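Enquirer: Sequence and predicted structure below; questions after.
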Amino acid sequence: MVVLYFLHILIYLSVLPVVRAELYSSTDDDVIILDVNNFEKLVLGSESAWIVEFYNSWCGHCIHFAPTWKKLATDVKGWQPVINVGAIDCSNSENVPMCRKYDIQGFPTFKLFQFGAMEGDKGEEFLNQDFHALRMKMVDFVMQRTYYEKPESWPKLEPLESIDGIWNEAAKHHEYVAFIFEDEKSYLGRAVILDLCTEKRLLIRRMLSDSVKKYGITEFPSLYLIHRDGKFERLATKETERQAYVDALRSLVKSSKDDLPKSGNLGEEKSQNYSDSAVNYIPRNQSAYSVTVQMADLVSTLHYSFRQEIAIHKSVSGPALEELKKFIRVLAKYFPGREHVRNFLWRVSTWLNSLVLEVSGEGWLEKIDSFQTEDTFLPDKIQWMTCRGSETRYRGYPCGLWTLFHTLTVSFFGTTRGSPNTDPLEVLDAFQGYMKFFFGCQECSKNFLKMAANKGSVVKSSADAILWLWRAHNQANKRLHGDVSEDPSHPKIQFPSQSMCHTCQSSNVTGPEGEIIWNSDEVKQFLLSFYDPDKILETAENVPWKKDIHSPEKKTNQQLDWWERHQRKADLEKIRALRQFKYDRKKLKELDKKESEDSGVNKTVDYEVANFEILNKRESNFRAGIGKERVPSGWGFNNIDVGICLMFYVMCTFILMVLYYHFIVQRRYKPCKLLPF
């Protein structure tokens with residue numbers, strides 16, 4: 001009977017609903033549930049920004065605020081490619097270390113994390129808990145300037161200064177281009193752009209009222225559709241709710257591609273063409289970043305190769321060591337980087353050539369770290385520019401490696417052209433060895449080695465090496481087009497596209513199965529120009545189509561890597577020395593001029609010529625570290641000497657006064673009886 005009673009109790013407890021302590025549900029709410037296991041995986045290194053609530057499930061204020069946080073997450077759900085809304089329960093014992101790590105002192109605490117947040121980033125804390133204020137805070141946070149360039153997948157929220165600027169951004173996949181005209185303090189346009197940021201067929205930009213009144217637009221806010229012939233159609237005017245704008249634009253996307261709206265105007269019955277640039281518009285099928293080579297990508301590729309793919313090996317020996325020697329030797333000979341990087345590569349190559357048996361991954365890292373000096377240095381960070389993908393899993397290192405290979409073949413061609421003793425396979429053999437033993441993707445390595453099997457019968461010169469690698473790259477692009485690894489924002493094409501090189505492809509001529517017929521001579525000239533070491537951009541600010549982007553903020557000393565800190569310190573020392581030298585030189589000139597006047601030297605003689613030897617001697621003494629010469633005065637004293645004399649005079653006077661007070665005043669001693677006191 002007792003057994004049956006306890007069995008009944010167990011069955012009753014098993015059917016009771018489970019009480020959920022958390023305030024948010026991953027199935028019922030749009031809030032992303034974070035915990036100790038996924039917090040840093042999702043937030044750190046993400047291409048999206050994050051707004052996170054650190055809460056306590058039993059906190060009364062947190063319970064009252066939960067509906068507002070849920071409403072916010074639902075309201076901005078479409079913004080997730082740019083910024084996510086998350087929450088972590090600090091009352092859960094497992095999450096306590098994470099909440100402690102981020103300095104949570106009370107509940108609820110709200111923090112904003114910028115895209116690409118790194119380990120140690122504590123986030124930006126704020127206090128405002130009003131729904132509308134939270135949404136505006138998110139917009140402002142997304143728009144704030146950062147040192148790193150924002151991901152290409154992010155929409156542009158900054159207002160355009162001119163309507164013509166829209167055609168610099170419109171691409172082939174943009175079937176509809178729209179403007180939102182609004183006042184400066186309005187958040188409507190930015191919210192609508194974020195709501196529709198996943199609609200690839202839509203390009204939406206905003207302009208401020210002061211910039212568009214000259215076009216006859218007087219009603220704000222307002223939404224206009226602009227056609228490729230430069231004509232406008234008004235979709236919404238004076239609507240204050242952003243949902244009306246979102247619905248109007250989404251109705252376009254849902255409609256048939258052929259069912260285009262009829263052209264309208266800016267408020268009059270007749271059509272208006274605002275600019276010839278709209279008529280001459282040629283859509284680009286490439287992003288701005290995909291049409292240039294930047295040194296940051298090449299250096300980042302070296303960094304990842306050296307510190308990840310090579311260093312991950314427990315031991316490198318035998319054929320792998322020989323291929324590594326060959327690869328580093330090719331880098332040292334043909335890498336077009338700055339002098340300190342080339343010196344670094346030569347030191348690594350020289351050290352490797354001295355090895356006979358093997359080198360461990362740890363030993364490799366320790367050795368290359370020991371080469372980090374002022375004259376031999378490889379930057380210790382990764383910053384993808386041209387090779388930046390729409391997400392961190394796309395492009396990056398594979399893109400950088402292809403770019404490095406192409407650049408080295410062109411540099412090899414320019415360095416060895418005309419040399420009869422050059423092995424045309426020197427660079428390609430080094431690539432093949434690296435792909436075989438060190439490239440992390442095994443399937444990619446197999447495919448490359450399969451393509452490289454016939455290179456010996458095809459490549460007879462350094463120019464052939466350039467074209468062989470180009471064909472191999474296009475074969476890889478063709479094979480991977482449509483693959484899950486393909487970046488949807490950067491589809492793999494046959495390079496170069498016709499818009500990049502009009503003469504590289506035979507017009508109106510295709511091979512079997514629609515293959516492109518290439519003009520090899522034109523392709524070679526294009527590749528020689530495109531990967532020319534002298535045309536590689538050193539910084540992103542030099543990219544001509546990014547002049548409208550705000551220049552990055554100056555980095556703090558903590559954000560600098562070792563070389564940057566060292567270089568900044570050296571630059572400051574040089575500036576100080578230069579300023580001091582100019583000051584000393586000016587004083588010397590004034591002194592010598594005065595001495596010349598006192599001695600009756602002819603004033604028509606050029607001063608610089610007359611004192612050339614004296615000044616050069618003093619300059620050489622200064623640069624040799626002898627120090628600043630003493631500038632003599634009329635009696636051989638300078639200002640310091642006079643100051644010391646004055647100081648001793650004051651001290652002596654003070655001592656005499658103390659002695660007088662002690663012996664005369666305090667003791668009332670009369671030094672002379674004839675005196676009246």
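Expert: Yep, that arrived. Numbering: from 1, shown residues only.

Enquirer: which residues pair with Leu225 across the strands?
Expert: Ala178, Glu233 (DSSP bridges).

Enquirer: That one is in contact with Lys231, isn't it?
Expert: No. The criterion here is Cβ atoms under 8 Å, and Leu225 misses it with Lys231 at 9.2 Å. Backbone N, C-alpha and C define where each C-beta goes, glycine included.

Enquirer: Could you find the closest non-adjacent residue to Glu124?
Expert: Spatially, and ignoring its direct neighbours in sequence, Glu124 is nearest to Leu112 (4.4 Å; Cβ to Cβ, 6 or more residues apart in numbering).

Enquirer: Next: Asp375.
Expert: Computed as Cβ to Cβ, 6+ apart, the closest residue to Asp375 that is not its neighbour in sequence is Asn343, at 5.4 Å.

Enquirer: so what's that neighbour up against?
Expert: Contact partners of Asn343, counting by Cβ atoms under 8 Å, 6 or more residues apart in numbering, are 375-377.

Enquirer: wait, which of those residues is closest to Phe437?
Expert: Within these, the smallest distance to Phe437 is 25.1 Å, found for Thr376 (Cβ to Cβ).

Enquirer: That closest one: neighbour count?
Expert: By the other Cβ atoms under 10 Å criterion, the neighbourhood of Thr376 contains 19 residues.

Enquirer: Let me know the pLDDT of it.
Expert: The score at Thr376 is 83. That number is its pLDDT.

Enquirer: ditto for Ile493
Expert: Model confidence at Ile493, given as pLDDT, is 86.

Enquirer: and what of Leu44?
Expert: Here the pLDDT value assigned to Leu44 is 91.

Enquirer: how about the closest residue to it other than its chain neighbours, what does it touch?
Expert: The shortest distance from Leu44 to any residue other than its chain neighbours is 5.2 Å, reached at Ala117 (Cβ to Cβ, 6+ apart). Residues touching Ala117, when contacts are defined by Cβ under 8 Å, 6+ apart, comprise 43-46, 50, 123.

Enquirer: what would those residues look like in CSV with neighbour count, distance to Gly414 and secondary structure?
Expert: As requested, the contacts of Ala117 are arranged in CSV below (neighbours: other Cβ atoms under 10 Å; distance: Cβ to Cβ, whole Å; DSSP: H, G, I helix; E, B strand; the rest coil):
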residue, neighbour count, distance to Gly414, secondary structure
Val43, 24, 46, helix
Leu44, 15, 42, coil
Gly45, 13, 38, coil
Ser46, 20, 41, coil
Trp50, 23, 47, strand
Gly123, 19, 48, coil
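
Enquirer: Let's have those residues in CSV, adding distance to Thr503.
Expert: Supplementary listing: the contacts of Ala117 in CSV, determined by distance: Cβ to Cβ, whole Å:
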residue, distance to Thr503
Val43, 48
Leu44, 47
Gly45, 42
Ser46, 43
Trp50, 48
Gly123, 52
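
Enquirer: Greatest separation within these: which pair is it?
Expert: Farthest pair in these, by Cβ to Cβ: Gly45 and Gly123, 14.1 Å.

Enquirer: Lowest average confidence across helices and strands of the protein, where is it?
Expert: Among the secondary structure pieces of the chain, namely its helices and strands, helix 276-279 has the lowest mean (mean pLDDT, DSSP states H and E), a mean of 27.

Enquirer: The helix or strand that comes right after that helix - what's its average pLDDT?
Expert: Once helix 276-279 ends, the next helix or strand along the chain (criterion: DSSP states H and E) is helix 295-304. The average pLDDT within helix 295-304 is 88.
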